[in-house]
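Q: The following block contains a protein sequence and its predicted model.
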Amino acid sequence: MAALTGAGISADSGIPTFRGKDGLWRRFKPEELATPEAFQRNPELVWEWYEWRIKLIKEAKPNPGHLALAELNRMGIVKCVVTQNVDDLHERACTTCLVKLHGDIMTARCTSCDFEIKWKDVPKGVPKCPACCSPLRPAVVWFGEPLPQEALERAERLFSEARAAMVIGTSAAVMPAGKLPLLTKSNGGIIIEVNPEPSALEPYVDIAIRERASVALPRILEEVRKLYNSNKT
Ligand code: NAD
Ligand code: ZN
């Protein structure tokens, strides 16, 4: 099985989603903040927003959903977790196989050269590259930007080969990530959705678990463990 996660899995860790009812975009318009044009126009505003998000993420902890998914990954039930999230909660939950499609908010990179830095503290203002003095930007994929090719190809392979795709906490509205589970489906597999609300994938979903990820995933893990144990005896 391959898993695709979105902002919803981190919602129970206190990190707002983009499109849910507490979504970030209720207060900020994406086109004002998460585009290369917005950054050129107003890097101070964009960094102010990222400073706020980085602070939230640093204070957050992986929730039982991240932890259960990491355990399913260690058990080999979930071969790999592909995430659209830019937070580091899957890493901190010790997920062993993780593909990050939209980059990493805890990393910044230079807008001119190859310099990259991983944040220990929350950055202040517009950080400058120590090598060439150009502004640094968050190492995330913004609207209108291509996904990292290698990560996308790996994700496409995983979902094409999987017999089941578990889609957790994503509206599946952002492409191409939202289409990955359809690769599983078109190769004869099934789609399992964990989301209190139906996503754009609803017409293709075979099993819908309309529950928060932090509740549903530990239950799935418990059921899988029961099956494992009964098979052993
Ligand atoms: P989205 O905001 O479009 O959708 C969130 C989905 O999560 C909704 O379908 C909602 O019903 C569901 N949801 C809300 N609470 C949930 C819960 N407790 N359990 C399970 N599902 C829940 O998010 P998306 O689809 O990930 O959007 C994609 C973009 O959002 C990506 O580019 C991603 O980088 C970015 N994003 C990331 C973070 C993060 O890293 N934590 C936060 C916000 C946005
Ligand atoms: Zn530089």
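A: Nice, thanks for sending it over. Ligands and ions are numbered 1, 2, ... in the order given.

Q: Surely Leu147 touches Met175?
A: No. Under the criterion of CB atoms under 8 Å, Leu147 makes no contact with Met175, lying 9.5 Å away. (Glycine included, C-beta is placed from N, CA and C.)

Q: And the two? Which one has more around it.
A: Leu147 (19 against 10; other CB atoms under 10 Å).

Q: quick one: whichever helix in the chain runs longest near ligand 1?
A: Longest helix in the chain by number of residues, with DSSP state H as the criterion: helix 213-232. Yes. For helix 213-232, a contact with ligand 1 is found by CB under 6 Å from any ligand atom, at Ala213.

Q: gap between that helix and the chain center?
A: Distance, stretch centre to chain centre, for helix 213-232: 23 Å (CA atoms, centre = their mean, to the nearest Å).

Q: same thing with stretch 144-159?
A: Here stretch 144-159 is found 13 Å from its chain centre; the criterion is CA atoms, centre = their mean.

Q: Around ligand 2, pick out the residues from the protein.
A: Counting by CB under 5 Å from the ion, the residues of the chain close to ligand 2 are Cys110, Ser112, Cys113, Phe115, Cys129, Ala131, Cys132, Ser134.

Q: could you dump the residues you listed to a markdown table with secondary structure?
A: Output for those, formatted as a markdown table (DSSP: H, G, I helix; E, B strand; the rest coil):
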| residue | secondary structure |
| --- | --- |
| Cys110 | strand |
| Ser112 | coil |
| Cys113 | coil |
| Phe115 | coil |
| Cys129 | coil |
| Ala131 | coil |
| Cys132 | coil |
| Ser134 | coil |
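
Q: okay if I get those residues as JSON lines plus distance to ligand 1 and pLDDT?
A: Below are the residues of the chain next to ligand 2 laid out as JSON lines (distance: CB to the nearest ligand atom, whole Å; pLDDT from 0 to 100):
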{"residue": "Cys110", "distance to ligand 1": "21", "pLDDT": "98"}
{"residue": "Ser112", "distance to ligand 1": "24", "pLDDT": "97"}
{"residue": "Cys113", "distance to ligand 1": "25", "pLDDT": "98"}
{"residue": "Phe115", "distance to ligand 1": "23", "pLDDT": "97"}
{"residue": "Cys129", "distance to ligand 1": "24", "pLDDT": "97"}
{"residue": "Ala131", "distance to ligand 1": "27", "pLDDT": "96"}
{"residue": "Cys132", "distance to ligand 1": "27", "pLDDT": "98"}
{"residue": "Ser134", "distance to ligand 1": "24", "pLDDT": "97"}
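
Q: buried subset of those?
A: Buried subset of these (neighbour count, 16 or more other CB atoms under 10 Å): Cys110, Cys129.

Q: what comes up buried for the longest helix of the chain?
A: Ala213, Ser214, Val215, Ala216, Leu217, Pro218, Ile220, Leu221, Val224.

Q: swap in stretch 49-58?
A: Trp49, Tyr50, Arg53, Ile54, Leu56, Ile57.
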